[in-house]
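Q: Could you look at this predicted model? Sequence included:
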Amino acid sequence: MIYVFFAPGFEEVEALGPIDVCRRAGLEVITVSITDELTVMGAHGIPVVADSLFADNDYSDADMIFLPGGMPGATNLNAHEGLRKVILAHHEAGKPLAAICAAPLVYGNLGLAEGKRMTCYPGFEQYLTGATCTAALVERDGLMFTGKGPAAALALGYAIVEHFCGVGTAEQLKQGMVYNDLWNGR
């Protein structure tokens, strides 16, 4: 089970791109509003309906925690004490974490960036204390998955699918979604 957290001002493509890729691979993804409403307004004025509210889940079944970026979405995620506790418990259980764009700042503020290779939206490196910031489109270091920004949404989704389902499944999805044509200039 992958939990994806929506906060007001989240970057829509950074949430929905990886969700789409993961669900195509058959992974169970639950979207969670950290507000008191299921509908959360994205950074670009797109309302998105979450599957559940934060209080409706216990998160013990989480295989991964995923945080989409966007502003002020990332800072709203960082300010949610309940989510911060869930992330720390998940990390202590040795389970994978993912974030994209500005959202890695949440992991940095929790001290989880220390010694990790990470990427983030340019200018947010300052929040990743102790990390080696690579500026790569997608970075994976052990159980930490990070994406640079909106353009990394699908690539991060494929990295997550590869982790849970294997390289073959990720490659089949890339082929079916004509993803590799982006890099071949077609």
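A: Received, thanks. Residues are numbered from 1 along each chain as shown.
Q: Quick check: what element follows the helix or strand hosting Leu88 along the chain?
A: Assigned by DSSP states H and E, Leu88 falls within helix 81-92. With elements assigned by DSSP H and E, the helix or strand that comes after helix 81-92 is strand 97-100.
Q: neighbouring strands for that next one, and are they parallel or not?
A: Sheet pairing here is set by DSSP bridges, and for strand 97-100 it gives strand 64-67 (parallel), strand 144-147 (parallel).
Q: and the residue nearest to Phe6 when sequence neighbours are not counted, bridged to which residues?
A: In this structure, Phe6 finds its nearest non-sequential neighbour in Val40, 4.1 Å apart by Cβ to Cβ, 6 or more residues apart in numbering. Just so you know, the C-beta spots here come from the backbone N, C-alpha and C atoms, and that holds for glycine as well. Per DSSP bridges, the residues bridged to Val40 are Val48.
Q: how far away is Val40 from Gly26?
A: 25 Å (Cβ to Cβ, to the nearest Å).
Q: More neighbours: those two, which one.
A: Between Val40 and Gly26, counted using other Cβ atoms under 10 Å, Val40 has the larger neighbour count: 25 against 10.
Q: which residues does Gly147 contact?
A: Glu14, Ala98, Ala99, Ile100, Cys101, Thr119, Leu137, Val138, Glu139, Ala153, Ala155, Leu156 (Cβ atoms under 8 Å, 6 or more residues apart in numbering).
Q: Counting neighbours, what do you get for the first one?
A: What that stands for is Glu14. 33.
Q: so it is in which element?
A: Using DSSP H and E, Glu14 falls within helix 12-24.
Q: who does that helix touch, helix- and strand-wise?
A: Secondary structure elements in contact with helix 12-24, counted by 3 or more Cβ pairs under 8 Å, 6 or more residues apart in numbering; DSSP states H and E, are strand 2-6, strand 29-33, strand 47-49, strand 97-100, helix 153-165, helix 167-176.
Q: Quick one: closest of these to Ala113.
A: Closest approach to Ala113 among the helices and strands packed on helix 12-24 is made by strand 97-100 (10.0 Å; Cβ to Cβ).
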